[in-house]
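A.B. asks: show me the folded form of this:
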Amino acid sequence: MKYCKTCILPDTRPGIFLDEDGICSGCHGYYDKTKAIDWHDRALKFEQLISWAKKQSTTYDCIIPVSGGKDSWYQVIKAKEADLKVLCVTWKTPGRTNIGQKNLDALVAKLNVDHIDFTIDPEVEKKFMIASFERKGATGIPMHMAIFSIPMRLANQFKIPLVIWGENPQLEYGGNKKERLANNLNLEWISRHGVTNCTSLNDWIGQQGLTSSELEAYRLPTKEQLNLFNPRSVFLGSFFEWNSWDNAELAKQHGFKSNPIYLKTGMWHFADVDCHFISIHHFLKWFKFGITRSFDNLSLEIRQGFINRDTAKKKLTELGLQQPYEDIEKFCEFTGKTQKWFWDVAESHRNKGIWKLVDGIWKIPDFLIEDWKW
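C.D. replies: So this is what the prediction gives:
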């Protein structure tokens, strides 16, 4: 593992590439945001996009996929400021938290939007999550397939011309320059970056007895369907400079509540509060990539100038592994599996390319933190 010389992300994180000077693509993305991108010009392009959508629409102007989190609030607020008629769409996670439900209800009521809360058959979700975890060491594949497929299908079927997503992950967390500067979230992007571990829906037919019919909710619109009506699908973060702290503050002013009790994962009380299972998605990166959610959070804080690299390393040492025991218990209850099963499966996906067994203990040679004992 090699680490960025500016932030603390390693080259094992998907999308992270180090240049000849040891600077990662995530840090280059921050340079793009603050130095290279003409945000005034991007805002004008957004106005043109809004004008186009209004001319195309016959019912709703746009769909906004929402979870109830801070970024959802920001997306809806920006759309309402542009006088768009918004339809909010949510994939209802089977692990939705109480605060997540309250935030989602408040978003609908206080921002005055129509809303579809889409629930998939829990038995299908259970089988899909078991299959994705056992096969790929990832609990989040069903989540990400649903998050992308449901809004895209509805936009296509209802003939809604625009889908407005949040941040451009390649600009925020790392990707090549072409991807960082792009603004379209289309089928090609989803197939490459939709966090599905290089799988498509057809790869899961037959797993845990799942049928094509049962997986219908996870199916993206076909090219034939898009030839008949193809909505524009864009990142809001490609038109306006994305800032998680500003998003959270704006959301709070309108009614969003953060989690004051404890941190499930990472170090931000305003993030990852909607779902009990999202902490597991982040935790499993430890086995596969040798990172925790805090690597991402702290690297963003370094780029923003809130802390320096040495302070980030000290904070990382204090936070440790942050194993989400309560959420793992909830996940096992939902899937009907034992916690031994969970840990056995997680262990089976440990990346032997970065982990080495030393005196019976798994270690990462040349890990960022010296003498770590996680």
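A.B. asks: rest of the way, CA atoms for contacts and neighbours
C.D. replies: Noted.
A.B. asks: host element of the spatially closest residue to residue 254 that is not a sequence neighbour?
C.D. replies: In space, and not counting its chain neighbours, residue 254 is closest to residue 110: 7.2 Å by C-alpha to C-alpha, 6 or more residues apart in numbering. If you go by DSSP states H and E, residue 110 is part of helix 98-111.
A.B. asks: for the record, mean pLDDT for that helix?
C.D. replies: Averaged across helix 98-111, pLDDT comes to 97.
A.B. asks: what does stretch 319-335 give?
C.D. replies: 96.
A.B. asks: isn't residue 100 right up against residue 68?
C.D. replies: Yes - Residue 100 lies in contact with residue 68 (C-alpha atoms under 8 Å); the separation is 6.2 Å.
A.B. asks: give me the common contacts of those two.
C.D. replies: Residues touching both residue 100 and residue 68 (C-alpha atoms under 8 Å, 6 or more residues apart in numbering): residue 274.
A.B. asks: for the residue nearest to residue 201 when sequence neighbours are not counted, give me its contacts.
C.D. replies: Sequence neighbours aside, residue 219 is the residue nearest to residue 201 in space, at 6.7 Å (criterion: C-alpha to C-alpha, 6+ apart). Applying C-alpha under 8 Å, 6+ apart, we find residue 219 in contact with 145, 146, 149, 150, 153, 201.
A.B. asks: from residue 360, how far off is residue 219?
C.D. replies: Residue 219 sits 44 Å away from residue 360, taking C-alpha to C-alpha, to the nearest Å as the criterion.
A.B. asks: then residue 284?
C.D. replies: Shown here: residue 284 relative to residue 360, a distance of 21 Å by C-alpha to C-alpha.
A.B. asks: repeat for residue 121
C.D. replies: Applying C-alpha to C-alpha to residue 121 and residue 360 gives a distance of 43 Å.
A.B. asks: so for those two, which sits in the more crowded spot?
C.D. replies: Counted by other C-alpha atoms under 10 Å, residue 121 and residue 360 do not tie: residue 121 has more neighbours, with 12 against 7.
A.B. asks: do you know how far the more buried one is from residue 127?
C.D. replies: In this view, residue 121 and residue 127 are 10 Å apart by C-alpha to C-alpha.
A.B. asks: equivalent analysis for residue 56, please.
C.D. replies: Distance, residue 56 to residue 127, using C-alpha to C-alpha: 40 Å.
A.B. asks: now stretch 339-359: buried residues?
C.D. replies: Going by neighbour count (16 or more other C-alpha atoms under 10 Å), the buried part of stretch 339-359 is 339, 342, 345, 346, 349, 350, 354, 355.
A.B. asks: tabulate those (TSV), appending pLDDT, secondary structure and distance to residue 210.
C.D. replies: Formatted as TSV, those follow (pLDDT from 0 to 100; DSSP: H, G, I helix; E, B strand; the rest coil; distance: C-alpha to C-alpha, whole Å):
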residue	pLDDT	secondary structure	distance to residue 210
339	98	helix	23
342	99	helix	21
345	99	helix	20
346	98	helix	22
349	98	coil	23
350	98	coil	26
354	97	coil	34
355	97	coil	34
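A.B. asks: could you check the pLDDT of residue 1?
C.D. replies: At residue 1, the model reports a pLDDT of 92.
A.B. asks: with residue 261 instead?
C.D. replies: Residue 261 is assigned 69 on the pLDDT scale.
A.B. asks: stretch 362-374 spans what distance, first to last residue?
C.D. replies: Stretch 362-374: ends 10 Å apart by C-alpha to C-alpha.
A.B. asks: what does stretch 259-274 give?
C.D. replies: By C-alpha to C-alpha, the extent of stretch 259-274 from end to end equals 9 Å.
A.B. asks: also stretch 21-35?
C.D. replies: End to end - C-alpha to C-alpha - stretch 21-35 spans 19 Å.
A.B. asks: where along this protein do the strands fall?
C.D. replies: 62-65, 86-91, 114-118, 162-165, 232-235, 356-358, 361-363 (DSSP state E).
A.B. asks: can you list these in JSON lines and add distance to residue 301?
C.D. replies: Shown next, in JSON lines, are those (distance: least, C-alpha to C-alpha, whole Å):
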{"stretch": "strand 62-65", "distance to residue 301": "26"}
{"stretch": "strand 86-91", "distance to residue 301": "29"}
{"stretch": "strand 114-118", "distance to residue 301": "33"}
{"stretch": "strand 162-165", "distance to residue 301": "23"}
{"stretch": "strand 232-235", "distance to residue 301": "22"}
{"stretch": "strand 356-358", "distance to residue 301": "30"}
{"stretch": "strand 361-363", "distance to residue 301": "27"}
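A.B. asks: of those, which approaches residue 3 most closely?
C.D. replies: Among the strands of the chain, the nearest to residue 3 by C-alpha to C-alpha is strand 361-363 (16.4 Å).
A.B. asks: next, the buried residues of the closest one.
C.D. replies: Buried positions in strand 361-363, judged by neighbour count with 16+ other C-alpha under 10 Å: residue 363.
A.B. asks: could you do stretch 160-176 as well?
C.D. replies: Residues of stretch 160-176 classed as buried by neighbour count (16+ other C-alpha under 10 Å): 160-176.
A.B. asks: quick one, what contacts the closest residue to residue 248 other than its chain neighbours?
C.D. replies: Leaving aside its chain neighbours, residue 248 sits nearest to residue 70 (5.1 Å; criterion: C-alpha to C-alpha, 6+ apart). Residues near residue 70 by C-alpha under 8 Å, 6+ apart: 247, 248, 251, 252, 256, 270, 271.
A.B. asks: try it again at 7 Å.
C.D. replies: Neighbour list for residue 70: 247, 248, 251, 256 [criterion: C-alpha atoms under 7 Å, 6 or more residues apart in numbering].
A.B. asks: no further questions, thank you.
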